[in-house]
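Student: show me the folded form of this:
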Amino acid sequence: MPDLSIVLPSPALEEAFLRIVDPEGKLLAALESLGPVIDRDVIVLDCGNGFRARQLEEMGARVVAFEFPLCDASSEQLAGWIGRADAVVVPWSEMAAPGSRFLAEAGALLRPGGRLLVIHDYGRDDVWGLLPHQRERDMAWSNRNGPFLGDGFRIRVIHCRWSFESAEHARELLETAFGSAGVETAEKMKHLRLEYSVAIYHRSAPGLASVQSEADADSTDAASAEAASAEVGVGLVPSAAR
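Tutor: Model (predicted):
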């Protein structure tokens, strides 16, 4: 699921949707703008089959990707990244709920000033009617007074598209993925595309300069790293890997 916001019944159908969702690459451009990610150390958490991680790598990011549940070797590798990553990208993960321990631990992987970039659907678009189970949740999360913005995140809304080759192509894919709701959506299309809005919730890890003097930097760095090591272990990294 983390390669897309929807669960699809077969790898072939997922491949087909990966080709039609955001072909212009607006999501990648936004990640670079908010990160940046090019020539940076980027961790992708809950990476699915790795499509988004490969996209970032092709852009020029130095990517390390982790899929869940973690094996022991991956847990140890992830623990070694505490306090080191320039950016952490979490695409459409069910674990990345606002206020979750998962996001707190994801933030502990960042160096001071590093960027946490969490991708979810924004809704309010042509696709939303196909995903009724997500509608109420996504609306609540992206509200001005919602839990993400109340937890220090800001939001960037990316207006993307699902682009189809023909009306027949649209109907075939939408019906296979969504049944009668997909057929209804295809029949209402006036163009060979559906408008699709994505939310990137983003925040920076605190910078050391804002909370300490240069004279205290080394000691605080060590204490912060020790505290982060103690914190990361409940969700991302098992305690045996600390």
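
Student: next up, the contacts around residue 26.
Tutor: Taking C-beta atoms under 8 Å, 6 or more residues apart in numbering, we find residue 26 in contact with 158-160. From N, CA and C alone the C-beta is placed, and that goes for glycine too.

Student: and with 6 Å instead?
Tutor: Neighbour list for residue 26: 158, 160 [criterion: C-beta atoms under 6 Å, 6 or more residues apart in numbering].

Student: what's the answer for residue 130, then?
Tutor: Contact analysis of residue 130 by C-beta under 6 Å, 6+ apart lists 178, 181.

Student: got the phi/psi numbers for it?
Tutor: phi -80, psi -10 (degrees, to the nearest 10).

Student: now residue 127
Tutor: Residue torsions, per degrees, to the nearest 10, at residue 127 are phi -90, psi -20.

Student: doesn't residue 194 make contact with it?
Tutor: Yes. Under the criterion of C-beta atoms under 6 Å, residue 127 makes contact with residue 194 at 5.4 Å.

Student: would you mind measuring from residue 26 to residue 132?
Tutor: 25 Å (C-beta to C-beta, to the nearest Å).

Student: go on, residue 3?
Tutor: The spacing between residue 3 and residue 132, counted by C-beta to C-beta, is 21 Å.

Student: looking at the two, which one has more neighbours?
Tutor: Between residue 3 and residue 132, counted using other C-beta atoms under 10 Å, the more crowded position is residue 3 (22 against 9).

Student: and that one, which of the three is it?
Tutor: For residue 3, the assignment made with DSSP: H, G, I helix; E, B strand; the rest coil gives coil.

Student: contacting residues for it?
Tutor: 48-49, 51-52.

Student: tell me the pLDDT at it?
Tutor: On the pLDDT scale, residue 3 is placed at 92.

Student: residue boundaries of the strands in the protein?
Tutor: Ranges of strands within the chain are 41-45, 62-66, 85-91, 110-121, 154-163, 193-204, based on DSSP state E.

Student: now the helices: where do they sit in this structure?
Tutor: Taking DSSP state H to define them, one finds helices in the chain at 11-20, 26-34, 51-59, 72-79, 101-108, 132-142, 167-178, 180-188, 217-231.

Student: for these, which one ends up most surrounded?
Tutor: Most buried of the helices of the chain, by mean neighbour count (mean count of other C-beta atoms under 10 Å): helix 101-108, with a mean of 21.

Student: low-confidence ranges, the protein, go.
Tutor: Counting by pLDDT under 70, the chain has low-confidence residues at 1, 208-242.

Student: give me the most central residue, it.
Tutor: Nearest to the mean C-alpha position of the chain, by C-alpha atoms, centre = their mean, lies residue 91 at 2.3 Å.

Student: for that one, name its beta-bridge partners.
Tutor: residue 119 (DSSP bridges).
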